[in-house]
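S.K.: Sequence first, then the predicted structure:
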Amino acid sequence: MKTKTYIYFAIILTIGSCKKTSDFSTIPVVEYESAIAYTTAETNLQYIEISVKFTDGDGDLCFYETDTIKNMIFDLYYIENDSLIKADLEVPLDFKIPYYEPEGKNKFMTGSIKTKFYIDEFKLLYDTIKLNFYVFDRAYNKSNISSTPYFILNNY
């Protein structure tokens, strides 16, 4: 299965100027924020735009342009016979968060990352899906694992 998945990032960063860097964990934290379904006007393809909130206490969440490492990982799950099963995808749902360096002495980062998942091919295979996701930073600290709600694909 060849999956058309596209990611773009709208990173909204806030530098924690009122707190010391040591007040925040150097291990990234992610949390599901929202999801909106769209259909492209040009190609009539359907996608879900997922927004993920993040925090990182030392600001090393983003990899350099020259790095080939993909540090935002999504695992797709589907429901079959009332069981949640991890999909074995030919094309992994993993992405590199583009490089950004927080300014100043305090490197704390917080913001949102938006991703697009084209769902037309998934609709052929699955009725209901959900995504688990996590990130890791340049020190290879792995975040918590967070999840989207279930998406009933025939509703889109």
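M.R.: Perfect, I can see it now.
S.K.: phi, psi of Phe122?
M.R.: For Phe122, the backbone dihedrals (degrees, to the nearest 10) come out as phi -60, psi -30.
S.K.: Quick check: it vs Lys130, distance?
M.R.: When distance is defined by CB to CB, to the nearest Å, Phe122 is 11 Å away from Lys130. In short, each C-beta sits where N, CA and C put it, glycine included.
S.K.: now the strands for the chain?
M.R.: 5-7, 29-39, 46-56, 72-80, 83-86, 93-95, 109-118, 128-135, 146-147, 151-152 (DSSP state E).
S.K.: dump the residue contacts of Asp67.
M.R.: Under the criterion of CB atoms under 8 Å, 6 or more residues apart in numbering, the contact partners of Asp67 comprise Lys96.
S.K.: so where's the chain uncertain?
M.R.: Within the chain, the set of residues satisfying pLDDT under 70 comprises 1-22.
S.K.: residues contacting Asp82?
M.R.: By CB under 8 Å, 6+ apart, Asp82 lies in contact with nothing.
S.K.: Can you give me the distance of it to Leu153?
M.R.: The value you get for Asp82 to Leu153, if CB to CB is used, is 17 Å.
S.K.: Export stretch 108-119 to CSV, keeping only CA atoms.
M.R.: Listed next in CSV are the C-alpha coordinates belonging to stretch 108-119 (Å, rounded to 0.1, in the frame of the first residue of the first chain):
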residue,chain,number,x,y,z
PHE,A,108,12.1,26.2,26.8
MET,A,109,9.8,25.5,23.8
THR,A,110,6.1,25.0,23.6
GLY,A,111,3.8,25.1,20.6
SER,A,112,1.7,23.1,18.1
ILE,A,113,2.6,21.0,15.2
LYS,A,114,0.0,20.4,12.5
THR,A,115,0.1,17.3,10.3
LYS,A,116,-2.0,16.2,7.3
PHE,A,117,-3.0,12.6,6.8
TYR,A,118,-4.6,11.8,3.4
ILE,A,119,-7.3,9.2,4.2
